[in-house]
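Participant: sequence-free structure coming up:
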């Protein structure tokens, strides 16, 4: 019997029901994960999963010694969920389990998106968006969703007046009210009959450094072409001539002026904050070393510490943003350049000799605890959209179930089968242990398995290079362990029960070499995502979140994978583009899962 019959189901009412977490309302997640639990009571007989959501207030926390702006991952607050498990009321029957759930959220954020959805997610989930005011794009760089100073939901907007108060995330940061949808079979599509099975939910929250980021416009390794550029420095005390070069030697500097290119003409548009440690690096040279700075006495320091941000006329009749800096020991103590290069700058819009200003606050902390960031969840509720059915319908459904019949229905779910390969493997055969009777698609996300420190995660140090070109100079991943990486992949091909599919290998050389687009790969990706119920509305992130996919049927059809051997053959044969990172492959199998209720028992058929 299918209880979902149009002829006899009658809705008589709907309402929202807020369910508190069993183990508390407030949670702080730092360097380790935490679990949050909910149980939907039997009194909620039916609910619409796609209209239900998690609701909570989230705030980023950081030590007072870490002076830099911090924001959440651009995918939104849903990225906090590491693993998701749903049980029946007995808590013994597993209905669904999605490991590395945040990778599914990232896929939804990157591929199922357009301008309208990005703006909606920004309002509801805290996902950041591109800002034409402070997002750069001066030299045609790719749009950054992590450079917004004007409408960023994670911290308060700066004022235009002179600022000399050290920045503290715990004071300036915002508490964001998030409403996060749940991407699972029970919480999508049709109305779910909770009265028959019950529903108990476990959520593992990801550790904080995996989802908290510095701004793209201050770090060295992300879209350096939108970083502020140094215009001049007070290399001669009392002089009106602030122009560079600033050569290695005995020149004392207490003032740094920023070029107004990119619209940085006020304190409110300056991405740096008081107390931030800064340094300088050639803007258009990807691997160039940062400038070695010292105190006036010759002691090496990580960078210059900003003690005040304001605007002033350096003597050329133009008002510019001025950074008063010191060597970290107190106001008025100058810094010197010890090389390796002379710091130069131009004001003609050229990148040739410009030096970008970068943040060193998270890259080189004074102590390891400086990057012990965390986030706090408050007032955590599961808001369930209850659907009230007519008593006659409920009575008829229960009567049929008790009379020896069964109630069967399908939900669309995802199962993750993990595998790992090392960076030295050039020919890899990855076994996917799927055994689903109605498989729709296989989505493989090859993530960077390198272990990074907290400071590296915050500022994208040594992570995978997504692109390296004149647009962004060097763009390293801000999502290691979450987004997929091509990493020199030449081609791939699935082998299902001895048959190679597609009939010829899918070439990925152009994409993995960062030179162009491999069209056959995008064609396969579009089919795979569509069949997995992830509408491929945008391919803007195809290189920054590289995904391998195979649709198991056409027109949203299914394929029986029971008792079949599935192998993904990966080839890394390009000698000019060898793999660099070890990889953990999340092999998501999108499928229809059948729930069968018979004689009071629940059976889950994968």
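Facilitator: Thanks, I have it. Fair warning: this is a prediction, and the values are worked out from it, not measured in the lab.

Participant: if I pick residue 21, what's in contact with it?
Facilitator: Taking CB atoms under 8 Å, 6 or more residues apart in numbering as the criterion, residue 21 is in contact with 36, 37, 38, 380, 381, 382. Quick note: C-beta positions are derived from backbone N, CA and C, even for glycine.

Participant: can you do 7 Å?
Facilitator: 36, 37, 38, 380 (CB atoms under 7 Å, 6 or more residues apart in numbering).

Participant: Present the residues you listed as CSV; the columns should include pLDDT.
Facilitator: CSV is the format used below for the contacts of residue 21 (pLDDT from 0 to 100):
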residue, pLDDT
36, 96
37, 96
38, 96
380, 95
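
Participant: now, which of the residues you listed sits nearest residue 560?
Facilitator: Nearest to residue 560 among the contacts of residue 21 is residue 38, at 33.9 Å by CB to CB.

Participant: Roughly how far does the closest one sit from residue 530?
Facilitator: Counting by CB to CB, to the nearest Å, the separation of residue 38 from residue 530 is 31 Å.

Participant: same question, residue 311
Facilitator: The gap separating residue 311 from residue 530 is 51 Å, by CB to CB.

Participant: and stretch 191-200, what's its mean pLDDT?
Facilitator: Stretch 191-200 shows a mean pLDDT of 89.

Participant: Quick check: end-to-end length of it?
Facilitator: By CA to CA, to the nearest Å, the extent of stretch 191-200 from end to end equals 17 Å.

Participant: Over to stretch 93-113?
Facilitator: With CA to CA applied, stretch 93-113 spans 34 Å between its terminal residues.

Participant: pLDDT averaged over that stretch, what's the number?
Facilitator: pLDDT averaged over stretch 93-113 gives 96.

Participant: Contacts for it, please.
Facilitator: Outside stretch 93-113, the residues that reach it (CB under 7 Å, 6+ apart) are 75-76, 78-79, 81-88, 121, 127, 183-186, 206, 413-414, 416, 445, 479, 482-483, 529, 534-538, 541, 545, 547, 586, 602, 604.

Participant: coming back round to it: among the contacts of residue 21, which lie within strands?
Facilitator: Of the positions in the contacts of residue 21, 36, 37, 38, 380 sit in strands, assigned by DSSP state E.

Participant: for residue 118, helix, strand, or coil?
Facilitator: Secondary structure, DSSP: H, G, I helix; E, B strand; the rest coil: residue 118 is helix.

Participant: Pull up the gap between it and residue 124, please.
Facilitator: 11 Å.

Participant: Now do the contacts for residue 51.
Facilitator: Residue 51 touches residue 385, counting by CB under 7 Å, 6+ apart.

Participant: Residue 256 now?
Facilitator: Taking CB under 7 Å, 6+ apart, we find residue 256 in contact with 230, 233, 323, 325.

Participant: now swap in residue 572 and tell me
Facilitator: The neighbours of residue 572, taking CB under 7 Å, 6+ apart as the test, are 426, 488, 489, 490, 578, 579.

Participant: OK, contacts around the residue most central in space within the chain?
Facilitator: A centroid search over the chain (CA atoms, centre = their mean) returns residue 73, at 4.1 Å, as the residue closest to the centre. Listed by CB under 7 Å, 6+ apart, the contact set of residue 73 reads 79, 211, 213, 479.

Participant: Contacts for stretch 588-595, please.
Facilitator: For stretch 588-595, the external contacting residues (CB under 7 Å, 6+ apart) are 185, 197, 408-417, 434, 436, 438-443, 531-533, 558, 602, 604-606.

Participant: for stretch 206-214, same thing?
Facilitator: 29-33, 60, 68-73, 79-80, 82, 102, 146, 359, 362, 373-375, 454, 457-459, 478, 481.

Participant: Helices - which of these land there?
Facilitator: Counted as lying in helices by DSSP state H, out of the contacts of stretch 206-214, are 102, 454, 457, 458, 459.

Participant: Tell me the one among the residues you listed nearest to residue 553.
Facilitator: Ranked by distance to residue 553 (CB to CB), the ones in helices among the contacts of stretch 206-214 are led by residue 102 at 27.2 Å.

Participant: Spatially nearest residue to that closest one (excluding sequence neighbours)?
Facilitator: In space, and not counting its chain neighbours, residue 102 is closest to residue 79: 4.8 Å by CB to CB, 6 or more residues apart in numbering.

Participant: beta partners for the residue nearest to residue 329 when sequence neighbours are not counted?
Facilitator: What sits nearest to residue 329 in space, not counting adjacent residues and going by CB to CB, 6+ apart, is residue 295, at 7.0 Å. Per DSSP bridges, the residues bridged to residue 295 are residue 335.

Participant: Could you check how far residue 295 is from residue 98?
Facilitator: From residue 295 to residue 98 the distance is 53 Å (CB to CB).

Participant: what's the answer for residue 132, then?
Facilitator: For residue 132, the distance to residue 98 - CB to CB - is 36 Å.

Participant: Comparing the two, which residue is more hemmed in?
Facilitator: Taking other CB atoms under 10 Å, residue 132 and residue 98 do not tie; residue 98 has more neighbours (23 against 11).

Participant: what about that one, which helix or strand?
Facilitator: strand 94-99 (DSSP states H and E).

Participant: Check residue 466 too.
Facilitator: strand 465-467.

Participant: Let me see the mean pLDDT of that strand.
Facilitator: Summarised as a single mean, pLDDT over strand 465-467 is 92.

Participant: Quick one: list the elements packing against the very next helix or strand once past that strand.
Facilitator: The helix or strand immediately downstream of strand 465-467 is strand 475-476, counting by DSSP H and E. Applying 3 or more CB pairs under 7 Å, 6 or more residues apart in numbering; DSSP states H and E, we find strand 475-476 packed against strand 465-467.

Participant: Counting by contacts, list what the strand it packs on packs against.
Facilitator: Other helices and strands packing on strand 465-467, by 3+ CB pairs under 7 Å, 6+ apart, are strand 475-476.
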